[in-house]
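Peer 1: Pasting the sequence and the predicted model now:
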Amino acid sequence: MPQLSRSKTTLYLTFLVFVWGINWPLSKYALNYISPLLFAGLRTLFGGLILLGFALRRLELLRLKKTWRMYLISSFLNIILFYGLQTVGLQYMPAGLFSAIVFLQPVLLGVLSWLWLGEAMYFLKAVGLVLGFVGVAFISSGGLSGDISLHGILFAIGTAASWALGTVYIKKIAMDVDILWLTAAQLTTGGLIMLICGFLFEDWSGVIWNRIFIYDIAFISIFVIALGWLVYFVLINTGEASKIASYTFLIPLVSVSSSVLFLDERVSINLAAGLLLIVLSIVLVNYKKVSGV
């Protein structure tokens, strides 16, 4: 895949940070009208079907016999685990706090990129990884007012881990798949599986189909799921995984700001200190090694 220009990369990153930032309070709000698995399944399936309509125009690039295992693994890591753990976990703590912990992902990605992608590991990067975990500890000890549980923290860390694993896997298979087909296939497959689980374990009759909920899920399906994942994979496949991921530290700031504005969540000193440490950790993890460092 050809490299993106600097202006296009900036535009893509700005779009991604904004839509993935406001996704958290929007998803938290939607859970007032629908149960977690049904919501996770619907939004990802709708997003996948949107992209599938465009992918069908390039059917020759599907190569399903060769790539179906890749699509399935990607669906499991990036969709089923990521959205399943995320949607259930949002019930246990405020949206801003949950998203802040999930965006430990760039730190985890630094370790996985070192182990599996051959990226360098050096002193400043190791220090950054430690600071990242300290930052999560600060946030977890009281970041935003509201109920904070061990279950919520574990769901958030699991969400971050699945996302990091999925990103590394996508980077490794980038040369073997078409990015549009990969995104459409994993969203459609993952969404369908989660929707089936929702039908089995949750009450479909309890969904409240009002105008606000329909607007909410439509925005998430189109911009957050379909376009968001497509833009993210394009960025990952045209640049260094850890470098692109380092910019996602801005997403919790958008999430926290929008949660404060629309969900009446309040900021504490713990959250500010924790986010500062996480930002510093990501800067160090992605700092270019120089002689003597």
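Peer 2: Yep, that arrived.
Peer 1: So the spatially most central residue of the chain versus Ser5, what's the distance?
Peer 2: Nearest to the mean C-alpha position of the chain, counting by C-alpha atoms, centre = their mean, stands Trp163 at 6.0 Å. Shown here: Trp163 relative to Ser5, a distance of 27 Å by C-beta to C-beta, to the nearest Å. In this view, the C-beta of every residue, glycine as well, is placed from N, C-alpha and C.
Peer 1: tell me the pLDDT at the closest residue to Leu61 other than its chain neighbours?
Peer 2: Distances taken as C-beta to C-beta, 6 or more residues apart in numbering place Asp178 nearest to Leu61, at 3.9 Å, with adjacent residues excluded. Looking at Asp178, its pLDDT stands at 93.
Peer 1: separation between Asp178 and Phe46?
Peer 2: 21 Å.
Peer 1: Comparing these two, which shows the higher neighbour count?
Peer 2: Comparing Asp178 with Phe46 by other C-beta atoms under 10 Å, the one with more neighbours is Phe46, at 20 against 17.
Peer 1: phi, psi of that one?
Peer 2: phi -60, psi -40 (degrees, to the nearest 10).
Peer 1: what do you get for Ala120?
Peer 2: Dihedral angles (degrees, to the nearest 10) for Ala120: phi -70, psi 150.
Peer 1: so it makes contact with Trp114?
Peer 2: Yes - between Ala120 and Trp114 there is a contact under C-beta atoms under 8 Å: 7.2 Å.
Peer 1: Neighbour count for the two, which is higher?
Peer 2: The residue with more neighbours, out of Ala120 and Trp114, is Trp114; 18 against 10, by other C-beta under 10 Å.
Peer 1: sec struct for that one, please.
Peer 2: Judged by DSSP: H, G, I helix; E, B strand; the rest coil, the three-state class of Trp114 is helix.
Peer 1: who's in contact with it?
Peer 2: 120-121, 125 (C-beta atoms under 8 Å, 6 or more residues apart in numbering).
Peer 1: Can you add pLDDT and give those residues back as CSV?
Peer 2: Formatted as CSV, the contacts of Trp114 follow (pLDDT from 0 to 100):
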residue, pLDDT
Ala120, 74
Met121, 76
Lys125, 77
